[in-house]
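Colleague: Build me a structure from this.
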Amino acid sequence: MIEHWRFGTVAVAFSALVASSAIAFSADAASTHNGCAAGARVDGSTAMSAKKKMHAAGFSHINGLKKGCDNYWHGKAVKDGVATRVVLPPDGSAMPEGN
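Modeller: Next up is the predicted model:
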């Protein structure tokens, strides 16, 4: 009977630990969206639309596109035969990154 009591106590303690971890995880997950802060306004732009705008601005071989929490798209491309990093701000004006 004592063994059953110990097992029950251990099981309850383990369940409490797991439940508290899940609560902490979900609270942390709720504060971010894809690494962005809670309340960040991430627009609905897509990698395909960003690539089209970059291509229209004279960039080719566009790859590695990633969207930041500020809605800027970043990637690598070629312009005028030179490999460069490219950025597309929300206003749609693609440019070499760093300009």
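Colleague: quick one: low-confidence ranges for this structure?
Modeller: The chain contains residues with pLDDT under 70 at 1-34, 99.
Colleague: Need the residues that contact the strand or helix carrying residue 48.
Modeller: Assigned by DSSP states H and E, residue 48 belongs to helix 47-56. Applying Cβ atoms under 8 Å, 6 or more residues apart in numbering, the set of residues contacting helix 47-56 from outside is 62, 65, 67, 73, 75, 77, 86, 88, 92, 94. Where you see a C-beta, it was placed from the backbone N, CA and C, and this is true even at glycine.
Colleague: would you list these in a markdown table and tack on distance to residue 36?
Modeller: Output for the contacts of helix 47-56, formatted as a markdown table (distance: Cβ to Cβ, whole Å):
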| residue | distance to residue 36 |
| --- | --- |
| 62 | 23 |
| 65 | 17 |
| 67 | 10 |
| 73 | 14 |
| 75 | 18 |
| 77 | 24 |
| 86 | 21 |
| 88 | 18 |
| 92 | 21 |
| 94 | 22 |
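Colleague: Please tabulate these in CSV, including the columns neighbour count, secondary structure and distance to residue 44.
Modeller: Formatted as CSV, these follow (neighbours: other Cβ atoms under 10 Å; DSSP: H, G, I helix; E, B strand; the rest coil; distance: Cβ to Cβ, whole Å):
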residue, neighbour count, secondary structure, distance to residue 44
62, 22, strand, 20
65, 18, strand, 15
67, 19, strand, 11
73, 24, strand, 13
75, 22, strand, 18
77, 24, strand, 23
86, 24, strand, 21
88, 26, strand, 14
92, 14, coil, 14
94, 25, coil, 18
